[in-house]
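>>> missing the sequence, but the structure's below:
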């Protein structure tokens, strides 16, 4: 999982220097394992007032890890420091709440 802000920054750095010529880079924080079920816990901790409305995690997603990556070459050659998965998830949730995502989701739920 890579934060879109980091993805954009990496592209700008790659275009702006010779370090990226002929190379491919892995983007995202290195050696991180997070489970989809962890997202609900992150949301509940960051938004306790919304915890009761969070969905149950389906059994097949409990302890189903996302893969881990090694982005040390990207960090070295492009000088990148990636945001944590936790920061990305929480910032995304804050943005969704601020931009009316809850109302949009409620409207979708009424149609289905």
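Arrived safely, thanks for sending. Model, not experiment: these values are computed from the prediction. Numbers count the residues shown, from 1 in each chain.

>>> what sits against the residue positioned nearest the centre of the chain?
For the chain, the residue nearest the mean C-alpha position is residue 88 (4.3 Å; CA atoms, centre = their mean). With contacts defined as CB atoms under 8 Å, 6 or more residues apart in numbering, the neighbours of residue 88 are 1-3. Every residue, glycine included, has its C-beta placed from N, CA and C.

>>> check contacts around residue 84.
Shown here is residue 84, whose contacts under the criterion CB under 8 Å, 6+ apart are 29, 32.

>>> the same query, at a cut-off of 10 Å, please.
Neighbouring residues of residue 84 by CB atoms under 10 Å, 6 or more residues apart in numbering: 1, 3, 29, 32, 34, 90.

>>> where does the fifth one land in three-state SS?
Secondary structure for residue 34, judged by DSSP: H, G, I helix; E, B strand; the rest coil, is coil.

>>> that one: neighbouring residues, count only.
One way to gauge burial is a neighbour count; for residue 34, by other CB atoms under 10 Å, it gives 17.
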